[in-house]
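>>> take a look and give me a structure for this.
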Amino acid sequence: MKNKHLLIVDDEASTRESLRMVFEKDYAVSLATSAAEARQIVARSNIDLVLLDIIMPDVDGITFLHELHTEYPDLPVVMISAASSVKRVVEAMKEGAWDYVTKPFDVAELRHIVSRALENSRLRRKLHELQCEVAEEFPVDRIVGNAPLFAQALQVVRKAASTDSTILIIGESGTGKELIARLVHRLSPRRDEPFVPVHCGAIPEQLMESELFGYEKGAFTGADRRKPGRFDMAGSGTIFFDEISETPHSAQVKLLRVLQEREFVRVGGSEVVRTDARIVAATAQNLEKLVEQGRFRRDLFYRLSVVPVRLPPLRNRREDIPLLAQYFLNYFGRKVGSRLSSIDRDAMRLLLRYDWPGNIRELRNLIERMAVLHRDQDMLQPEFLPEEFHVQNLFAPLHAGTFTLEEAVNDFERHLVIDALKKAGGVQTRAAELLGTTRRILKYRIEKLNIQPQDFRPTVSSPQKERP
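Below is the predicted model of the structure:
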């Protein structure tokens, strides 16, 4: 099937005919005798590659190349030149030509050049499609959330992103660690370079070193060529180690060398390879505890945690649940063609009370399921939610009657803060620890929610004094 379309532009009839005979068996071929004629063909046809003569009667080939490259930057152009036109060929390559051939043609070489150019063009389109898919999956320009602890994490990210410092993102599974790593990359000067994720737990221990650093031809049985590793792929971009705690001890040693010396050696090789990649790591584990247990290198831990970013679990940023739920509802509504576009107040009450052990990922998956299973409904009703949302609520039911979303969130938060203060005997520092926040934020919440001492007065006979 001739699914690729070539345009041959040459004022010599013999050259046009020769090229047509070479390619018409495998490709659709159009012919043009001048730049003006070629311009019309490109405008009305889906051209995949242009073979363009440098010497043209109306418009110089270099000039027309510049025009094509400006208007169709992804269209590969192969220049045709006489053997004596080396200077013009160099000029053409500077203007963006993919390659060149000289007259008389070597047919095999010409076929190879065209095939390679078309394959490169296909890969570039595929890369663009993947980048669009990633941008949709990880929309770093639409990060949702206003909770104080989350806002603090974003503030750290924005301050550190423009530097080369190593960042360690700490958070439970499902809190959005890869999204934040991509945000670091997007906000950095490396934004136009590759972002290469490495999911440490998914790579077998015996393959980890070759995956990270690549290998040389003959390094082991089956290594019939040199293979680049993740650091090669990252170049001057960002390499992201997800679940860094799962890195085997042998690979930890070599990763430490990369962080210290900015260099590595491929498996089976002796050449020292320099790297400029920026390292961002993430973990759901307590690395300090793993260090004490001897399961993670102390020196590597210190190298990785130059700038720690702590992402709060969803249960500690409940005020963001309505925002996130609506965002996912809109997103999956478009993706699966669902009419579901709003959330009933009682359903939102259940979402706010749920503990979300799977964090944002669990919320995302729930909303996707709702959008798929109830796509013919307009509003998400309480009865649509799974059983676990209807049992063992954290507190007594919220006020009956009408209420705004903000009132529902504030009412729930008020119960949560009062409960923590009661358990802490009124000691705000301890209550803040129970809530996974800071005393300053807790004090702000107490004032905002108008919580009075009598609301949480401890029942013990000798309450602890608040520390200064």
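>>> next one: the helix-or-strand element of the chain with minimal mean pLDDT to chain centre, how far?
Among the helices and strands of the chain, helix 86-94 carries the lowest confidence by mean pLDDT, DSSP states H and E, at a mean of 73. Helix 86-94 sits 38 Å away from the centroid of its parent chain (Cα atoms, centre = their mean, to the nearest Å).
>>> what packs against the following helix or strand past it?
Sequence-wise, the next helix or strand beyond helix 86-94 is strand 99-103, with elements assigned using DSSP states H and E. The contact analysis (3 or more Cβ pairs under 8 Å, 6 or more residues apart in numbering; DSSP states H and E) places strand 99-103 against strand 77-82, helix 86-94, helix 107-137. Backbone N, C-alpha and C define where each C-beta goes, glycine included.
>>> let's see 10 Å
With contacts taken as 3 or more Cβ pairs under 10 Å, 6 or more residues apart in numbering; DSSP states H and E, strand 99-103 sits against helix 13-23, strand 49-53, strand 77-82, helix 86-94, helix 107-137.
>>> tell me the most buried of those?
Of all the helices and strands packed on strand 99-103, strand 49-53 carries the top mean neighbour count, a mean of 25, counting by mean count of other Cβ atoms under 10 Å.
>>> and it, which strands flank it?
Here strand 49-53 is paired, per DSSP bridges, with strand 5-9 (parallel), strand 77-82 (parallel).
>>> what angle separates the last one from helix 86-94?
Spelled out, that is strand 77-82. Computed by axes from the mean of the first three to the mean of the last three Cα atoms, to 10 degrees, the angle separating strand 77-82 from helix 86-94 equals 180 degrees.
>>> over to the first one?
Computed with the same axes, to 10 degrees, the direction of strand 5-9 lies at 140 degrees from that of helix 86-94.
>>> domain ranges for this structure?
When the chain is parsed with automatic domain parsing, its domains come out as 5-132, 144-312, 315-389.
>>> picking that back up, now the strands paired with strand 49-53 in TSV, with mean pLDDT and distance to residue 380?
Supplementary listing: those in TSV, determined by pLDDT from 0 to 100; distance: least, Cβ to Cβ, whole Å:
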stretch	mean pLDDT	distance to residue 380
strand 5-9	94	48
strand 77-82	86	53
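>>> turn those strands into JSON lines, columns for distance to residue 117.
Conversion of the strands paired with strand 49-53 to JSON lines gives the following (distance: least, Cβ to Cβ, whole Å):
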{"stretch": "strand 5-9", "distance to residue 117": "10"}
{"stretch": "strand 77-82", "distance to residue 117": "6"}
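>>> of the ones you listed, which approaches residue 285 most closely?
Of all the strands paired with strand 49-53, the one in closest proximity to residue 285, counting by Cβ to Cβ, is strand 77-82 (52.1 Å).
>>> nearest to residue 428, out of the domains of the chain?
Judged by Cβ to Cβ, the one of the domains of the chain that comes nearest to residue 428 is domain 144-312, at 15.4 Å.
>>> for the record, mean pLDDT for the closest one?
The predicted model assigns domain 144-312 a mean pLDDT of 92.
>>> follow-up on the earlier one: could I get the domains of the chain as JSON lines with distance to residue 420?
Shown next, in JSON lines, are those (distance: least, Cβ to Cβ, whole Å):
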{"stretch": "domain 5-132", "distance to residue 420": "44"}
{"stretch": "domain 144-312", "distance to residue 420": "15"}
{"stretch": "domain 315-389", "distance to residue 420": "11"}
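>>> so where does residue 31 fall, helix or strand?
For residue 31, the element it lies in under DSSP H and E is strand 28-32.
>>> tell me which other helices or strands that strand touches.
Contacts of strand 28-32 with other secondary structure elements, assessed using 3+ Cβ pairs under 10 Å, 6+ apart, are made with strand 5-9, helix 13-23, helix 35-44, strand 49-53.
>>> can you rerun that using 6 Å?
strand 5-9, helix 13-23, helix 35-44 (3 or more Cβ pairs under 6 Å, 6 or more residues apart in numbering; DSSP states H and E).
>>> buried stuff in the last one?
So that's helix 35-44. Judged by neighbour count using 16 or more other Cβ atoms under 10 Å, the buried positions of helix 35-44 are 35, 37-39, 41-42.
>>> wait, which of the helices and strands packed on strand 99-103 is closest to residue 386?
Between residue 386 and the helices and strands packed on strand 99-103, the shortest separation by Cβ to Cβ is 24.1 Å, and it involves helix 107-137.
>>> for residue 276, phi and psi?
phi -110, psi 10 (degrees, to the nearest 10).
>>> and residue 268, by the same measure?
Its backbone dihedrals place residue 268 at phi 80, psi 0, with angles given as degrees, to the nearest 10.
>>> burial of it, as a residue count?
Taking other Cβ atoms under 10 Å as the neighbour definition, residue 268 ends up with a count of 15.
>>> ok, it to residue 13 distance?
The span separating residue 268 from residue 13 equals 55 Å under the rule Cβ to Cβ, to the nearest Å.
>>> would residue 197 count as being in a strand?
Yes: the assignment for residue 197 (DSSP: H, G, I helix; E, B strand; the rest coil) places it in a strand.
>>> my guess is it contacts residue 240. True?
Yes: taking Cβ atoms under 6 Å as the contact criterion, residue 197 and residue 240 are neighbours in contact, 4.7 Å apart.
>>> would you map the strands across the stretch 201-350 of the chain?
Listed in chain order, the strands of the stretch 201-350 of the chain (DSSP state E, counting those that start in this stretch) span residues 238-242, 263-265, 272-274, 278-283, 307-310, 342-343.
>>> wait, which of these is closest to residue 210?
For the strands of the stretch 201-350 of the chain, the distance to residue 210 is smallest for strand 263-265, at 11.6 Å, taking Cβ to Cβ.
>>> dump the residue contacts of residue 190.
237-238 (Cβ atoms under 6 Å, 6 or more residues apart in numbering).
>>> can we start the residue count at 207 from this point?
Renumbered: residue one is now 207, and that last one reads residue 396.
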